[in-house]
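Enquirer: the following comprises the amino acid sequence and a computationally predicted model.
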Amino acid sequence: MTTLSATIPPAILQDAAEQRLDLAADLKALQPASGGHPEAAMVLQRPAILRRIANALAPHIPAGTDRLVARAGDDTILAAALSLHTGIAFALVELPSGLVHGELHRSERTVLVSYEADESEKGVLSLLEDAGARPALGLHVVGPAAGNAHTSSLTRHTLFGFAELSTDMKENHHD
């Protein structure tokens with residue numbers, strides 16, 4: 001009997017590039033008929049996809065991060081999954097009230113986590129700075145461009161750009 005181990009993956013597992021392409025294909029399969037990128041509610045309620053997203057985002061969290069921060073709502077699911085995957089605690093922010101659920105301490109190194117990079121994160125960043133927390137990075141599943149981007153004082157890492165999820169992808173089948 002063969003068992004799989006998280007520490008010693010079998011040779012049949014895909015490399016990181018193949019995993020990323022398969023995740024993109026799964027996200028594209030959830031696109032609404034009207035076009036555009038898949039909505040958070042469609043993606044984050046699928047445990048297999050959510051686990052893979054958390055696995056893909058986790059390596060981008062800087063060492064020494066004290067807390068993940070997300071907007072209340074759909075991003076709560078993503079923050080919980082990433083927290084379970086990494087062991088890093090999280091807090092939720094309700095906008096526009098600014099109410100914080102969970103702990104948020106002065107001088108904490110935080111990472112903003114969201115499904116989609118958008119303008120509302122400015123409110124979260126302002127709240128974090130007012131609380132004395134130091135946002136180090138914004139991690140997003142989808143956004144204007146995949147990879148690293150600098151917006152104001154926050155560096156972002158986005159798994160998939162909007163354009164990438166709106167183009168046709170050919171599946172790669174193994175023989």
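Expert: On my side now, so go ahead.
Enquirer: where exactly do the strands run in this structure?
Expert: 67-71, 90-93, 100-101, 109-116, 134-143, 147-151, 154-161 (DSSP state E).
Enquirer: contacts for stretch 83-93?
Expert: 51, 54-55, 58, 61, 65-72, 75-76, 79-80, 82, 99-104, 113, 123-124, 127 (Cβ atoms under 8 Å, 6 or more residues apart in numbering). C-beta: built from backbone N, CA, C; applies to glycine.
Enquirer: and for stretch 43-54?
Expert: Defining contact as Cβ under 8 Å, 6+ apart, one finds that stretch 43-54 is touched by 19, 23, 26-27, 30, 74, 77-78, 81-82, 84-86, 115, 141, 159.
Enquirer: could you pull out the buried residues of stretch 126-134?
Expert: For stretch 126-134, the neighbour count (16 or more other Cβ atoms under 10 Å) marks 127, 128, 131, 133 as buried.
Enquirer: the residues you listed in helices, which ones?
Expert: Secondary structure defined by DSSP state H assigns 127, 128 of the buried residues of stretch 126-134 to helices.
Enquirer: name the nearest of the buried residues of stretch 126-134 relative to residue 145.
Expert: The closest of the buried residues of stretch 126-134 to residue 145 turns out to be residue 128 (Cβ to Cβ; 23.2 Å).
Enquirer: pick the most deeply packed of the strands of the chain.
Expert: strand 67-71 (a mean of 25; mean count of other Cβ atoms under 10 Å).
Enquirer: lowest average confidence across the strands of the chain, which one?
Expert: Mean pLDDT values for the strands of the chain show the minimum at strand 147-151, a mean of 60.
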